[in-house]
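A.B. asks: need a 3D model of the sequence below.
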Amino acid sequence: MGLGEQGMTDWKTTMLGKTGWKVSRLGLASNYSADERYVQMAFERGVNYLYWGSMRTAKFGAGLRSLRSRRDEFPGLAAKASLGGC
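C.D. replies: Okay, the predicted model is just below:
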């Protein structure tokens, strides 16, 4: 059975719970030692689910700040962080 037969039309994105936000199925978390460059590369490649939670790093925060002007494209910035405050 193919993806289309299961009713899944977009394998790259999904709805985030009941929020109505369309987010990438792949995300990026700060605990993977991602720096500003990796945050920007992930975003440019369609990753809009970012987690800057329990293992916050300054380099990941710098990556989020560099994308602040595009915050409307970040429905999936998760837990313990907001683009306005980083």
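A.B. asks: so Gly53 makes contact with Leu28?
C.D. replies: No. Counting by CB atoms under 8 Å, Gly53 does not reach Leu28; the two are 11.7 Å apart. No exception for glycine: its C-beta is placed from N, CA and C like everyone else's.
A.B. asks: of these two, who's got more company?
C.D. replies: Leu28 (21 against 13; other CB atoms under 10 Å).
A.B. asks: I'd say the more buried one and Ala34 touch.
C.D. replies: Yes. Shown here, Leu28 and Ala34 form a contact pair, counting by CB under 8 Å, at 5.7 Å.
A.B. asks: hey, what's in contact with both of those two?
C.D. replies: Among the neighbours of Leu28, those also in contact with Ala34 (CB atoms under 8 Å, 6 or more residues apart in numbering) are Ala42.
A.B. asks: where in the protein is pLDDT low?
C.D. replies: For the chain, residues meeting the criterion pLDDT under 70 lie at 1-10, 75-86.
A.B. asks: any chance you could map the helices in it?
C.D. replies: 36-44, 58-66 (DSSP state H).
A.B. asks: output the ones you listed as TSV; include the columns distance to Leu16 and mean neighbour count.
C.D. replies: Shown next, in TSV, are these (distance: least, CB to CB, whole Å; neighbours: other CB atoms under 10 Å):
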stretch	distance to Leu16	mean neighbour count
helix 36-44	16	16
helix 58-66	18	18
